[in-house]
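> show me the folded form of this:
(one chain, ligands or ions: 1)
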Amino acid sequence: MKILIVYATGSGCARETASVMAEELSSMGHEPRLEDAKTAPDPAGFDVVVAGSGVRAGHWHKSLGAWIGRHREALAARPLAVFTVCLMMRNPGKHQAEVRAIGDAVLGKLDLKPVAVGLFPGWFLPERFGFFERLILKMMKTPSGDFRDLEAVRAWVRGLPL
Ligand SMILES: Cc1cc2nc3c(=O)[nH]c(=O)nc-3n(C[C@H](O)[C@H](O)[C@H](O)COP(=O)(O)O)c2cc1C
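Okay, here's the model as predicted:
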C-alpha cells in the first residue's frame, strides 16, 4: 500500500518518530512516504494516511491542523491514523485522556474519525530546542532526556488496520 506519513515538529522528535514508522511500514512491504505538514502533498494518490505532531501548550503544531483542514475531503475518503508525541505521555496513567483530546479537538471539528490513535512519549533534548522553548521547559522543571519508546511505536504501526 502507498502510505503517506505527515508530521509536524519543532525539535525533530515527531519527524524522527514518523521516520521509525516509515521504516517499519517498509519492512512490512508497504511504500511509505514521509512529509512535513508544511509541504506535504495532497493525500489523493495514497491508500492510507498517518498524521501526527508534537505538542506545544496543549495543542498540535498548527501546520498539521492546517494540512488536515485543507485535505479534509480526501482524508475522509481513506483510512487516517493519527499520533501525538509529547512529554505528558511519560505518565500515561495520568495523562492519556488529556493527550488523546489534543488530536480529537482537531479531527472533531472536521468530523474526521481516525482508524487508530497513537499516543507516545517524546523527548526534551535541550540542544534540539530554541532558547525560549528550552527556557520554558526548564522553568517547568522538566527533566531532560529521550523518553521515546520506539518499540511501542513499531508495535502500533504493526497493529494498524491496513
Ligand atoms: C514550549 C513547549 C511547550 C510544550 N507543551 C507541552 C504540553 O502542553 N504537553 C506536553 O505533553 N508536552 C509539551 N511539550 C513537550 C513536547 O511536546 C515534546 O518535547 C515533544 O517531544 C516535542 O516534539 P516536536 O518538537 O517534534 O514537536 C512542550 C514543549 C515545549 C518546548
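> what does the pLDDT read for Ser11?
Per-residue pLDDT puts Ser11 at 98.
> repeat for the one 5 residues further on
Note on Glu16: pLDDT of 98.
> check which element follows the helix or strand where it lies along the chain.
Here Glu16 sits within helix 13-27, counting by DSSP states H and E. Going down the chain from helix 13-27, the next helix or strand is strand 31-36, by DSSP H and E.
> check which helices and strands that following strand sits against.
strand 2-8, helix 13-27 (3 or more CB pairs under 8 Å, 6 or more residues apart in numbering; DSSP states H and E). All C-beta atoms are positioned from the backbone trio N, CA, C, and that covers glycine.
> who wins for proximity to Leu80 among those?
Nearest of the helices and strands packed on strand 31-36 to Leu80, taken as CB to CB: strand 2-8 at 9.9 Å.
> tell me the bridge partners for the nearest residue to Arg33 once chain neighbours are set aside.
Once flanking residues are discounted, Arg33 sits nearest to Leu4: 5.5 Å by CB to CB, 6 or more residues apart in numbering. Assessed by DSSP bridges, Leu4 has beta-bridge partners Arg33, Val49.
> surely Leu4 is in contact with Asp42?
No: applying CB atoms under 8 Å as the test, Leu4 and Asp42 come out as separate, 9.2 Å apart.
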